[in-house]
Each structure stands twice: as structure tokens, then as C-alpha cells.
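Novice: The sequence and its predicted three-dimensional model are supplied below.
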Amino acid sequence: MSLLLCLSACLSSPPAIAEHPEPAPTPVGNTVATAFPPPAGFIAVEHDAFADWIGELALKAPDEPVRTFRGDEVGHDARVIAFPMVKGDLQQCADNAIRVRAEYLKETGGEISFHATSGDPMPWKRWQAGERPYESGNRLKWKAGTSGGWDAYLAKVFMWAGTMSLKFDTDSVSDPRPGDVLVKPGSPGHAIVLLDVAKKGDETLVLVGEGYMPAQDFHVELGPKSGWWPYDDGVELDHWSLPASGLRRWKP
């Protein structure tokens, strides 16, 4: 497999989820923001337009399980986000982070472009113009192609992007904000989206949005604090340790 096509995968299947130290809630709101307000005593950090957009993402019913792209149920303690998936085993962990940003930029008229692991850009405007990327010598080149819409473009992005390519589209930061991505690059690697961030004194909590491998529903991975996770030099999920050194923010 070429370097370009060496995807930064997550785990091949999710391990059993450990018991939380406190019972997880049954959030009943219909959006990320309404279902997961900050726990008592915590105040949400200032939101920008991207954070507000994330908060308005719709949720499926509380009893809806996380499913793979094949429709199989997987054992996450989670609330499923009603978010589209491309066909096949493509929209995995980092890909869901990319899709969140892509859908926001598309809806708000921003410039849409993501990088392959090789560092080559994949701009939506070239795809719209009828060009199609292809691999040549571990790099991407472009040629005239057949018709294809938004999901077809994203499928190509997901094919060539991953946890290791996010460094080209994001900046390293130290203060978590909603919309940031916490990344552990590699094969396997992992990435989560910070859907929201709240503080109380020196304590910080984050709301975690996650995808996984095989490709499956983007979801709120429920943490021990009313669905939120402690942020203390990173996030310790039951199935992944993501240090703060991997905190990244999308470039404007």
C-alpha cells in the first residue's frame, strides 16, 4: 500500500465499554446543545459561529444504538447524532471530524479544501469544476472526470485523509474550545471532536463527538459527568487515551 493511501485508522473494532463511576444520564433534548447543557456549576466557554452550529446538530432518539455502515449495532454508551455518512467503510474517526467542518463550511459559504496524507490539497472548487484527483507516485494529480456530487467528493477526501493529514488543515493549540479536534496520529490513530467545553474554576469538561472504525454513526460518547468528560492534560476515554499535545483547531 502506498504512503498516500495508508489511512490513519482507528481500532478495528470498539472494545467493551467500561463502567462509568457515575450513572450516565438519559439526555432527552433534540440537539447537542439542548441534550447536553454544562453540568451544575460549570459554565460553557465563549462560542463562535462554528460552536453554535455544532450545538444545533440534531440527535436521534436516546434509545437509538450506534450502527456501522452495514447497519450492525456496536456497543457504545452514546447518543447518536443525526449526521450523514458516505457509502462504504470510509467515514471513520478523523473523517467525521472532517465532515463536521466540511458541512459547516458548505452551509456558511466558506472555502472548502482538505489535505491528503501526502500534503496535497483537495479543494471542493476543483471537484465542482469537473476535475478528479488520482494518485501518481504517492502524490495527487488532477484530470477531467465524470460527474459526482458532494458525497462523492467527501468519499475521495476520506480515502486519502486521516489522522496524519489533519496537521495540514489545523493548528496546534493549548486551550480547548468547541469545534477543536483532539488527535493522536498514527496507524492506528484516533481523533475526536470537542462538541462543547465548560469550566468551573480550574476544572474543564468537554463533550466528545466520536466516529470509529469500521465506519459508524457519529455520536456523543457519554462521559461520567452528565455525559461530559474531564479534560486534564487531555481526555481519557474508556477505550482511548488522547493527550492534550494533540489538541488542534481548524485554520480559518
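Specialist: Thanks, I have it.

Novice: what sits against Thr146?
Specialist: With contacts defined as C-beta atoms under 8 Å, 6 or more residues apart in numbering, Thr146 is in contact with Arg132. Placement of C-beta: from N, CA and C, glycine included.

Novice: How much space separates it from Arg132?
Specialist: Going from Thr146 to Arg132 by C-beta to C-beta, to the nearest Å gives 7 Å.

Novice: Same check on Val197?
Specialist: 39 Å.

Novice: between these two, which one's more packed in?
Specialist: Taking neighbours as other C-beta atoms under 10 Å, Val197 and Arg132 compare with Val197 leading, 24 against 16.

Novice: Each with direction, which strands does the helix or strand where Leu194 lies pair with?
Specialist: Per DSSP states H and E: Leu194 is located in strand 190-200. Sheet pairing of strand 190-200 (DSSP bridges) gives strand 43-44 (antiparallel), strand 181-184 (antiparallel), strand 203-210 (antiparallel).

Novice: Now do the same contact list for the residue of the chain positioned farthest from its centre.
Specialist: In the chain, counting by C-alpha atoms, centre = their mean, Ala144 sits farthest out from the average C-alpha position, at 30.6 Å. Applying C-beta under 8 Å, 6+ apart to Ala144 gives the contacts 130-132.

Novice: Tell me the secondary structure of the residue nearest in space to the middle of the chain, please.
Specialist: Centroid check for the chain by C-alpha atoms, centre = their mean gives Ala97 as the closest residue, at 2.5 Å. Recorded secondary structure, Ala97: helix (DSSP: H, G, I helix; E, B strand; the rest coil).

Novice: now swap in the one 4 residues further on and tell me
Specialist: Secondary structure state of Arg101, per three-state DSSP, is helix.

Novice: Am I right that it is in contact with Trp250?
Specialist: Yes. Arg101 is within contact range of Trp250, at 5.4 Å (criterion: C-beta atoms under 8 Å).

Novice: Overlap in contacts, these two.
Specialist: With C-beta under 8 Å, 6+ apart as the test, Arg101 and Trp250 both reach 50, 169, 179.

Novice: most surrounded residue in those residues?
Specialist: Gly179 (25 neighbours).

Novice: Tell me which of the strands paired with strand 190-200 lies nearest to Glu107.
Specialist: strand 203-210 (17.1 Å; C-beta to C-beta).

Novice: can you give me the mean pLDDT across that closest one?
Specialist: Mean per-residue pLDDT for strand 203-210: 98.

Novice: And stretch 148-159, by the same measure?
Specialist: On average, the pLDDT along stretch 148-159 is 95.

Novice: and that stretch, which residues are buried?
Specialist: Using 16 or more other C-beta atoms under 10 Å as the burial criterion, the residues of stretch 148-159 that qualify are 150, 153-159.

Novice: Now tell me what touches it from outside.
Specialist: For stretch 148-159, the surrounding residues in contact (C-beta under 8 Å, 6+ apart) are 5, 7, 84, 86-88, 90-92, 95, 98-99, 102, 106, 114, 122, 124, 127, 132-133.

Novice: which residues in the stretch 101-250 of the chain form helices?
Specialist: Using DSSP state H, counting those that start in this stretch, the helices of the stretch 101-250 of the chain run over 124-128, 150-160, 166-169.

Novice: Output those helices in a markdown table, with distance to Asp217 appended to each entry.
Specialist: Listed next are those as a markdown table, based on distance: least, C-beta to C-beta, whole Å:
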| stretch | distance to Asp217 |
| --- | --- |
| helix 124-128 | 24 |
| helix 150-160 | 15 |
| helix 166-169 | 21 |
